[in-house]
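Participant: Mind looking at a prediction? Sequence and model below.
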Amino acid sequence: GEVRRDGRYLPLRAIPRIQRAEVWLVVRSQSLDWSPAAEAQLLAELDRWRAAGNRVVGLQVDFDASTERLDGYAAFLKGLRGRLPSHYKLSITGLMDWGANADPAALVALTGVIDEVVVQSYQGRETIPGYERYLAKLARVPVPHKVALVQGGEWREPPGLKSDPLFRGYVVFLLNQ
């Protein structure tokens with residue numbers, strides 16, 4: 001689904017019926033000014049997905065929080081975490097720049113709030129040039145993290161990535177061909 005700039009939640013598909021895998025409800029957010037009605041609708045959507053027989057793990061928020069405003073995003077997520085039923089995990093997408101340039105206090109503010117961050121190594125349909133330099137600093141992110149790859153994108157695993165104790169693997173974003 002999507003939270004629009006005006007704060008409304010818009011589901012973008014019918015409820016899936018996936019029994020062989022764990023499922024995350026992903027919401028793309030254009031703004032952090034969610035209306036109370038939109039948040040209530042989104043939380044109800046999680047329960048509807050679960051009631052349909054899906055093994056719903058949690059909610060993933062896809063929002064491009066700038067590195068300079070990561071502290072405000074962490075505060076938003078803390079509030080959301082407090083209202084999200086405890087049986088759901090909270091995941092976010094993140095920018096590679098966070099590990100390299102974010103204020104350490106802003107990164108620490110994510111600890112205990114989110115269950116994981118999926119760091120995007122691509123923009124649009126292409127891998128970001130120089131991703132190796134950014135991912136070398138990923139160990140500064142003090143929460144479990146995965147690396148998001150784009151289908152068909154360039155990829156060579158940077159040295160040391162797998163030895164990072166908080167690295168949890170990869171997520172491949174598929175492209176509609």
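Facilitator: Now that the structure is in, tell me what you want to look at. Bear in mind that the values here come from a model prediction, so they are computed numbers and not experimental data.

Participant: Residue 70 versus residue 25, what's the distance?
Facilitator: Distance from residue 25 to residue 70, counting by CB to CB, to the nearest Å: 23 Å. Bear in mind the C-beta positions are built from the backbone N, C-alpha and C, glycine included.

Participant: scratch that, residue 131
Facilitator: Residue 131 is 19 Å from residue 70, where distance means CB to CB.

Participant: same deal with residue 106?
Facilitator: To residue 70, residue 106 is 4 Å away according to CB to CB.

Participant: Could you do residue 45 as well?
Facilitator: Taking CB to CB, one finds residue 45 at 27 Å from residue 70.

Participant: Return the list of strands paired to the helix or strand containing residue 27, each annotated with direction.
Facilitator: Applying DSSP states H and E as the criterion places residue 27 in strand 22-29. The strands that strand 22-29 pairs with in its sheet are strand 2-3 (parallel), strand 55-62 (parallel) (by DSSP bridges).

Participant: and it, which residues are buried?
Facilitator: Across strand 22-29, burial judged by 16 or more other CB atoms under 10 Å covers 23-25, 27-29.

Participant: which residues touch that strand?
Facilitator: With contact meaning CB atoms under 8 Å, 6 or more residues apart in numbering, strand 22-29 is reached by 1-3, 9, 16, 42, 45-46, 49, 54-63, 91.

Participant: Could you give the bridge partners of the closest residue to residue 64 other than its chain neighbours?
Facilitator: Spatial nearest neighbour of residue 64, excluding adjacent residues (CB to CB, 6 or more residues apart in numbering): residue 95 at 6.9 Å. With DSSP bridges as the criterion, residue 95 is bridged to residue 120.

Participant: can you pull the contacts of residue 95?
Facilitator: Going by CB under 8 Å, 6+ apart, the list of residues near residue 95 reads 64-67, 119-120.

Participant: Identify the farthest-apart pair in those residues.
Facilitator: 66 and 119 (14.7 Å; CB to CB).

Participant: which one of these two has more residues nearby?
Facilitator: Between residue 66 and residue 119, residue 119 has the larger neighbour count (other CB atoms under 10 Å), namely 24 against 12.
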